[in-house]
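[1] Sequence first, predicted model second:
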Amino acid sequence: MNATTLDVGTLAGRLIGREGLRGLAARIALVVAGAALLTIAAKIKVPFYPVPMTLQTLAIFFIGATLGARLGALSVILYVAEGLMGFPVFTNTPPAVAGPAYLMGPTGGYLLGFLMAALIVGNAARRGLDRSVWRFAIILGMADVVLFACGLSWLMISLGIGVHRAVQIGLLPFLPGEVLKIAVAAFAMPLLWQATARLRRS
């Protein structure tokens, strides 16, 4: 089993399968699509400072749930790699310049958090937890806690601030939006599974 293997317990795994060159091409396309979704979500933002509010956590929830841990993580890695190569995929590019220096800025920890969240959500989806609204909501909440823990840790280091100030600017403004994103993803995934079952029966 390699890094590009689709988990058959995930939505994409159920629809596409994982054998042959055609399956490999589909998996590569899914990883590219995941990175593209993160880029689009990065540009839909409320310009808070120093951490803007975006739709990226919602995108991570769906990427992890539909692609699974492996391909979801690869999507995040590809997204970050594009930014490291200078492509303006990050939320503050432009006017900020993409590249290695961007990851040293105040939002760099959230990028690591995206990877961790995709792994958590993807592994939960592989076990079928994305088919229950309440179980999946709990998983998404756990993933969000890890994501923000990564983000706040680096925010404190990069800005030289304490925990209280980091929570004020890097967590509290986002809580209502995060609750809404968790609710959207938790209710949407069981519906997508039901639609997939109907499609396979037709």
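    That came through, no problem.

[2] and Ser202, what pLDDT?
    With respect to pLDDT, Ser202 scores 66.

[3] err, Thr5, not the other one
    The per-residue pLDDT of Thr5 was computed as 57.

[4] Offset the numbering so it begins at 57, please.
    All set: I'll call the first residue 57, so the last point we hit is now Thr61.

[5] Give the ranges of residues in the protein that sit below the confidence cut-off.
    Scanning the chain for pLDDT under 70 picks out 57-64, 73-77, 258.

[6] can we see that at 80?
    57-65, 69-79, 104, 255-258 (pLDDT under 80).

[7] Looking at it, which helix is longest?
    In the chain, taking DSSP state H as the definition, the longest helix is helix 112-140.

[8] Downstream of that one, the next helix or strand is which one?
    Tracing the chain past helix 112-140, the next element assigned as helix or strand by DSSP states H and E is helix 164-182.

[9] which parts of that following helix are buried?
    164-182 (16 or more other Cβ atoms under 10 Å). C-beta here means a position set from N, CA and C on the backbone, and glycine is covered the same way.

[10] Contacts only, for Leu248.
    For Leu248, the contacting residues are 67, 122, by Cβ atoms under 8 Å, 6 or more residues apart in numbering.

[11] ok but it is inside a helix, no?
    Yes. With DSSP: H, G, I helix; E, B strand; the rest coil as the criterion, Leu248 is assigned to a helix.

[12] Any idea how far the helix or strand containing Met212 is from the middle of the chain?
    For Met212, the element it lies in under DSSP H and E is helix 189-215. Centroid separation for helix 189-215 versus its chain: 11 Å, with Cα atoms, centre = their mean, to the nearest Å.

[13] Stretch 185-202 too?
    13 Å.

[14] ok, and what's touching it?
    67, 113, 116-117, 120-121, 169, 172-173, 176-177, 180, 234, 237-239, 241-243, 245-246, 249.

[15] one more time with 7 Å
    113, 117, 121, 169, 172-173, 176-177, 180, 234, 238, 241-243, 245-246, 249 (Cβ atoms under 7 Å, 6 or more residues apart in numbering).

[16] how far away is the most centrally placed residue in the chain from Ala91?
    Central residue of the chain (Cα atoms, centre = their mean): Ile116, 1.8 Å from the mean position. When distance is defined by Cβ to Cβ, to the nearest Å, Ile116 is 12 Å away from Ala91.

[17] tell me the contacts of Thr66?
    122-124, 181-182.

[18] which pair in those spans the largest distance?
    The largest separation in the contacts of Thr66, counting by Cβ to Cβ, is between Thr122 and Arg182 at 11.4 Å.

[19] that older thread, only the buried residues of the longest helix of the chain, if you could.
    Buried, per 16+ other Cβ under 10 Å, within helix 112-140: 112-136, 138-140.

[20] what's the angle from it to helix 164-182?
    120 degrees (axes from the mean of the first three to the mean of the last three Cα atoms, to 10 degrees).

[21] Helix 112-140 vs helix 189-215, what angle?
    Going by the same axes, to 10 degrees, helix 112-140 makes 40 degrees with helix 189-215.

[22] Which residue is the nearest non-sequential neighbour of Gly65?
    Arg182 (4.3 Å; Cβ to Cβ, 6 or more residues apart in numbering).
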